[in-house]
Every structure is written in C-alpha cells, then in structure tokens.
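[1] With the sequence up front, the predicted model follows.
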Amino acid sequence: MKKNIFVLFLLLTGTFIFAQEKTNDSPFNWPPKLIFTEGASFNQITRIEVQTERSNFVRENFLVGAYCDISTKDFWFVDFDLKLAAYYPLANRFNGMDQKSKNMFNYAIDLFFGAKYTYEGFKYIILEGSAGLHYMYQLTDEFHLNYAGLGLLGSITFPLSKNWSIINSYFFSYDNANLGSNAKVQPYDASYQYHIDLGVRFSKKVQNSYYYIGK
C-alpha cells in the first residue's frame, strides 16, 4: 500500500510539472526543454541490522546496470530531474563474506525525482546537483525489498561538441528499507546506497556554448 502511494505521488508530481500550460503570467517556460542522458551505472547497497551482544549484521549488494535521465532546462527558477535505472546483482556480501545468489533472476529497479541546479561558470565543465525523493524495488533471494528515502545526485558534464556531452554522475541516498516483505521478518535499522554513472548525452535543442571539438 505504501509503495503504491509513493509511486502515485511521483506520478502526480510529474504530471503537474509537465502538464502545466503556460499563460501570460505563468512562471513556467512551456513546452520545457528536455535533456536525455543514457549510460551505465554501478550501485552499492548497504543494509544494517544493529546487534547489542555482537557486531552488527551488514549486508551489501553490488549491482551493475543501465540508466536513463530526463531533466528540464530553463523551466523555472529551478529545473527538475527524473532518473530511472535497472540493475542486476554482481556480488553479495554478509559481514564482508561473499554470498552466492540462489536466484539468477534477481534484479532491481531504481527511481529518483528531484529539483536540479546547474552551474556553468567554468564554461568547459558543467556542474549539476539534484536533491529529491528516492525509491527502489529489489528482488533478493529472501525478500521483495522496497526502499524509500531522500537522495542527492551530483554530476560533472564534459561538453565534447555542440551537441554531444559526456556525463559522470554520483548518487547517494538514505532509505527506509522496511516497506517490503522483510518488514516483520527481518527489519533493517539503516540502509543507504551509492551509484556511480557514466553516460552520454546528445541534444539539438539544448546545445553547448563551449566545447572541446569543433569551431
């Protein structure tokens, strides 16, 4: 139920932003300029069970996958960022010890929506930062995990040419991981994750003012 409410909230928020019609007194620029970025992503998830009589139980998942990022440009006094990623687990650890996965069809779906700020003062390097809501569904050997929390996304854009750019992104989130089937059987006291992304962007509508290759 909580999962459905969270997803519905994201959909309603996105609908309001992107369906807002521009009027003479509207602060929005409509239609918005959209920037699409695609690439590869690495994800490390850490879940902690606090123990009183021994060391804590620490579970780690290392995943690799692909992502797509859609962001606005000059839409409002801030822009908005929507990132969707899909992952497959490469390795699992329990208190530092490798664990073999029993189910080869484990996977994870990740969603981030936030407000974005862009700094272009360095000309040949563009800095971007986003803060917002994070949600993730993960299928493991034991449970269907649902994470919900707050996330921070920072990226460095290298403008290769007028239309092409290379983007290196870093993401961190702190989540509540007790929204799935593990909630009563194996609740976690803390959960956080890191993402490292490498992507490429091609855009004709939003072109680079300064770039390395070309005139």
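    Everything's here; your move.
[2] Without its sequence neighbours, what residue ends up closest to F57?
    E49 (3.9 Å; C-beta to C-beta, 6 or more residues apart in numbering). Every residue, glycine included, has its C-beta placed from N, CA and C.
[3] Just to check, that neighbour is in contact with D189?
    Yes: contact criterion C-beta atoms under 8 Å: E49 and D189 qualify, at 6.0 Å.
[4] returning to that earlier point: and the residue nearest to F57, what is it in contact with?
    By C-beta atoms under 8 Å, 6 or more residues apart in numbering, the contact set of E49 is 56-59, 186-189.
[5] Show me which of the residues you listed are buried.
    Neighbour-count burial (16 or more other C-beta atoms under 10 Å) is assigned, among the contacts of E49, to 59, 186, 188.
[6] Now the second one: phi and psi?
    Spelled out, that is Q186. Note on Q186: backbone dihedrals following degrees, to the nearest 10 are phi -150, psi 70.
[7] which residues touch it?
    49, 142-143.
[8] Please report the distance of F94 from T46.
    12 Å (C-beta to C-beta, to the nearest Å).
[9] wait, N95
    Distance, N95 to T46, by C-beta to C-beta: 12 Å.
[10] more neighbours, these two?
    For N95 versus T46, the count of surrounding residues by other C-beta atoms under 10 Å is larger for T46: 16 against 11.
[11] hey, what's that one bridged with?
    Assessed by DSSP bridges, T46 has beta-bridge partners E60, Y192.
[12] rewinding a little: now the contacts of Q186 as JSON lines including distance to E120 and pLDDT?
    JSON lines is the format used below for the contacts of Q186 (distance: C-beta to C-beta, whole Å; pLDDT from 0 to 100):
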{"residue": "E49", "distance to E120": "44", "pLDDT": "96"}
{"residue": "E142", "distance to E120": "46", "pLDDT": "91"}
{"residue": "F143", "distance to E120": "44", "pLDDT": "94"}
